[in-house]
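Asks: I'll drop the sequence and a predicted model, then ask my questions.
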Amino acid sequence: MATESKDREWRPLAEAEGLYRRWLAHLDDEFGHQQSPDRRAEIVRDELHEIYLGQPRGGRTSTSLISETAMFVLADSFDPRNASMEADYASDVDMERYAPRRPLIWFWKLFDRSPLGVNLWLGFRFRCMLGRHIFKQLGNGVKIYPDVKFEYGYGLTIEDNCTIGRGAVLEDGGGELVLPQGTNVAAGATYSRGGKPA
């Protein structure tokens, strides 16, 4: 479960680090002030448009050309209001608690599938920034690798100095799930209540 490791320190160039930190601080501030699911969805939509297409989201042009239809389908899929996830079909989801988190969970998923998601330094910080708005509680010194899966987020507590490996599954559906301090969830492993593999 808990393991002690000394990771080698790695940092991007100073200019890139400053840019990354400003972007994360901006998003953190936006999500902190905007609790409305619709407003959060708009922020996510616009950010994903820039991440994937490299330009600000603009007005829609004619979709009469069949060759452009796929591009518009992609652009519309950036908006969390146009996409469904597992929790949307669950009967036990608490919609009042889930709704403001839903756009952020979509952002998490698409970030991990973008070119930015493979940048571990940025990804660790991005996921922790979002996690503080999604999870019940997120401690300090947490490292979350790409493609970690969870359903609702609102019942999930991750205490200090936890590491969650690539592709791990956190079974938070239907109740509270706590990862105690120093927990190390291996890549691809499933963590369920009581800290036992599912």
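Replies: That came in fine, so what should we check first?
Asks: strands along the chain, start to end?
Replies: Listed in chain order, the strands of the chain (DSSP state E) span residues 137-138, 143-144, 156-158, 163-164, 169-170, 177-179, 184-185, 190-191.
Asks: quick check: neighbours of the third one in the sheet, parallel or antiparallel?
Replies: The reference is to strand 156-158. Neighbouring strands of strand 156-158 in its sheet, by DSSP bridges, are strand 137-138 (parallel), strand 177-179 (parallel).
Asks: give me the contacts around it.
Replies: Defining contact as Cβ atoms under 8 Å, 6 or more residues apart in numbering, one finds that strand 156-158 is touched by 131, 134-139, 142, 150, 164, 170, 172, 176-179, 183. The way it works is simple: take the backbone N, C-alpha and C, and place the C-beta from them, glycine included.
Asks: hmm, try it at 10 Å
Replies: Outside of strand 156-158, the residues that reach it under the criterion Cβ atoms under 10 Å, 6 or more residues apart in numbering are 128, 131, 134-139, 142, 144, 150, 164, 170-172, 176-181, 183, 185.
Asks: how about low-confidence regions in this protein?
Replies: Using pLDDT under 70 as the threshold, the predicted model of the chain has low-confidence ranges 1-7, 59-67, 194-198.
Asks: which residues in it form helices?
Replies: If DSSP state H is used as the criterion, the helices of the chain fall at 14-33, 37-53, 66-77, 95-98, 102-112, 120-134.
Asks: format these as CSV; extra columns: mean neighbour count.
Replies: Compiled in CSV, the helices of the chain are given as follows (neighbours: other Cβ atoms under 10 Å):
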stretch, mean neighbour count
helix 14-33, 13
helix 37-53, 18
helix 66-77, 12
helix 95-98, 12
helix 102-112, 22
helix 120-134, 19
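Asks: want to try a markdown table for those, with distance to residue 8 as columns?
Replies: Formatted as a markdown table, these follow (distance: least, Cβ to Cβ, whole Å):
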| stretch | distance to residue 8 |
| --- | --- |
| helix 14-33 | 17 |
| helix 37-53 | 28 |
| helix 66-77 | 37 |
| helix 95-98 | 38 |
| helix 102-112 | 23 |
| helix 120-134 | 12 |
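Asks: please identify which of those is closest to residue 155.
Replies: Counting by Cβ to Cβ, residue 155 lies closest to helix 95-98 out of these; the figure is 8.3 Å.
Asks: who touches that closest one?
Replies: Residues lying outside helix 95-98 but in contact with it, judged by Cβ under 10 Å, 6+ apart, are 37, 87-88, 90, 102, 105, 136, 151-155.
Asks: coming back round to it: so which of the strands of the chain is the most packed in?
Replies: strand 163-164 (a mean of 24; mean count of other Cβ atoms under 10 Å).
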